[in-house]
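with the sequence up front, the predicted model follows.
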Amino acid sequence: MSYRVGVLGLWHETNTYASHAASLGDFADFELLSGESVLDRNRGTGSVIGGFADAGDLDLVGVFSAGAWPCGPADRDTIEALLERAETALRRAGRLDAVLVNLHGAMVAQGRPDAETALLDVLRDVVGEVPVAAVLDLHANPSPELVSGSDVLISYDTYPHVDMRERGREAAALLAQVLGGRRLRTAVGKVPMLVCPLAQATDAEPMRSLQERAGRRGRAAGLARVCIPAGFAYSDVDRAGISVLAVHDAGAEAAARDVIAETLADIQAEAAAFALARDDAATAVRRALALLAERSPDAGGPVVLADVADNIGGGSPGDGTALLAELLRQGSRDAVVTIADPMAARLAADAGVGADVDTRLGGRTDERHGEPVYVRGRVLTVTDGRYRTSGSWMTGREFDMGTTAVLQVDGVSVVVTTRPTPPFHAEQLTSVGIDPAAARILVVKGAIAWRAAFGDIASEVIEVATPGVCPVDLATLPRRSVPMTLPPTAFPAR
């Protein structure tokens, strides 16, 4: 029997401290699709929906998918428009036997603090009590309501996120089992630990061992899956924190609760391993220059300076200037820095290649990311900012930085983009004529995810405690909500 399975998506990592509110235009720039275009756009790519599309034993029906780069909460009009479009698309889709859903798990919107649960409410209102399998980001903050609204809920296992397609395939396979008669449900527990993303890399401790031990517990107990969404601390909501998800058969609720309880205790025992501190911008640049001075001239690979608090993939604006200012002040040469500044990008594009321009760079969005830096630079390159990636993050997808220019400023190459674009792909630089491996210093505006694109070429990595809305020290952010403690909780079978 062929089952008709809808494909639905709503993806946004919301930094509630970011000043730019997600608009409908932001979703249109990244992904805002209805009908079969949902599958057409993602088929063959490394996205979660690309993984759904690999499911050959299900009759997939594209319904609706919306996604935007991380930033501040969506405004009220935007979230209501998205939910209305999803409802309309679900009604147009006709009879559905089940639904696959691509979510982030940390989306917040004005008037909808738990936006993904609101989407599941819409789904249930339209299609009723059909099986639902959903995939979350590793940085999800799932609420109990989100978990209870899904039959199967799993999350990425990797950070950098290089397993999105695999998790899409896994969710589709589990859903196929449900449609074949297996009664699966998902249980959840949470600890109120807020962790900087720097401590969440899954190829390093403590996450690597926590995941390995959780997986062993789950297999020994006969569970279908155990996941550890490590949470998104830059979201001022009570559901923020580290979660444990356990997908189990109906009747195995006690086993699921036991595995969750043991894993939560394991996480709490590793609390000290999640703590960290990093150098400020001035100290980090001095360290980088000292390392370069000590090594042989023919030694390859840049020293990478990770601009942690201006992490575009965590909702920062990408126009932080702390490292650019220090590189110029300390006389660095052969450095590459990316700055999102639409006014400066347009100025350089209008001036044209070869022209000298006087402009201020960055520091335009708010007061959290440094002051503008006034520069004179020569325009080396102007492009439309489009590239298609062959890298591991959404392999095969096209991305658009908007009009992009490269300015040469006192030996520093500044890639000036119109849109803030996370450093997830080497093509962000190679598409504008820069070989990142040839740089002596490479500044990336991220915490961990940049490693999938540039980790292999880095000779040294210095993570920097810059100013911004994704700080290393979480105590620098004002917080109103109190993260919840959620004991292991299972939900009735449907």
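Everything's here; your move.

use CA for all of it now, contacts and neighbours both
OK.

point out where this structure drops to low pLDDT.
1, 494 (pLDDT under 70).

what sits closest to the residue sitting nearest the centre point of it if chain neighbours are left out?
When the chain is reduced to its mean C-alpha position, the nearest residue by C-alpha atoms, centre = their mean turns out to be residue 313, at 5.2 Å. With sequence-adjacent residues excluded and distances taken as C-alpha to C-alpha, 6 or more residues apart in numbering, residue 313 is closest to residue 422, at 5.2 Å.

wasn't the one you found part of a helix?
No - the assignment for residue 422 (DSSP: H, G, I helix; E, B strand; the rest coil) gives coil, which keeps it out of a helix.

buried residues in the host helix or strand of residue 25, which are they?
Using DSSP states H and E, residue 25 maps to helix 24-30. Of all the residues in helix 24-30, those buried under the rule 16 or more other C-alpha atoms under 10 Å are 24, 26, 27, 29.

which one of those sits closest to residue 133?
residue 27 (23.1 Å; C-alpha to C-alpha).

count the neighbours of the nearest residue to residue 412 once chain neighbours are set aside for me.
Using C-alpha to C-alpha, 6+ apart and skipping residues adjacent in sequence, the residue nearest residue 412 is residue 335, 4.8 Å away. Residues lying near residue 335 (other C-alpha atoms under 10 Å) number 25.

hey, what's residue 335 bridged with?
residue 412, residue 441 (DSSP bridges).

still on that earlier bit, any idea how far the helix holding residue 25 is from the chain center?
Computed by C-alpha atoms, centre = their mean, to the nearest Å, the chain-centroid distance of helix 24-30 equals 16 Å.

go on, stretch 475-491?
Counting by C-alpha atoms, centre = their mean, stretch 475-491 comes out at 20 Å from the chain centroid.

contact partners of that stretch?
Identification of contacts with stretch 475-491 by C-alpha atoms under 8 Å, 6 or more residues apart in numbering yields 17, 148, 185-193, 236-241, 253, 256-258, 260-261, 469, 471.

tell me which of those fall in helices.
Using DSSP state H, the subset of the contacts of stretch 475-491 located in helices is 148, 253, 256, 257, 258, 260, 261.

now the strands: where do they sit in the stretch 101-250 of the chain?
132-136, 152-155, 184-191, 225-227, 242-249 (DSSP state E, counting those that start in this stretch).

which elements pack onto the first one?
Put plainly, it is strand 132-136. Applying 3 or more C-alpha pairs under 8 Å, 6 or more residues apart in numbering; DSSP states H and E, one finds that strand 132-136 contacts strand 98-103, strand 152-155, helix 164-179.

now the ones you listed as CSV including distance to residue 351 and mean neighbour count?
Putting those into CSV (distance: least, C-alpha to C-alpha, whole Å; neighbours: other C-alpha atoms under 10 Å) gives the following:
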stretch, distance to residue 351, mean neighbour count
strand 98-103, 42, 26
strand 152-155, 47, 28
helix 164-179, 41, 23
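
columns distance to residue 113 on top of these, output as TSV?
Below are the helices and strands packed on strand 132-136 laid out as TSV (distance: least, C-alpha to C-alpha, whole Å):
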stretch	distance to residue 113
strand 98-103	15
strand 152-155	20
helix 164-179	25
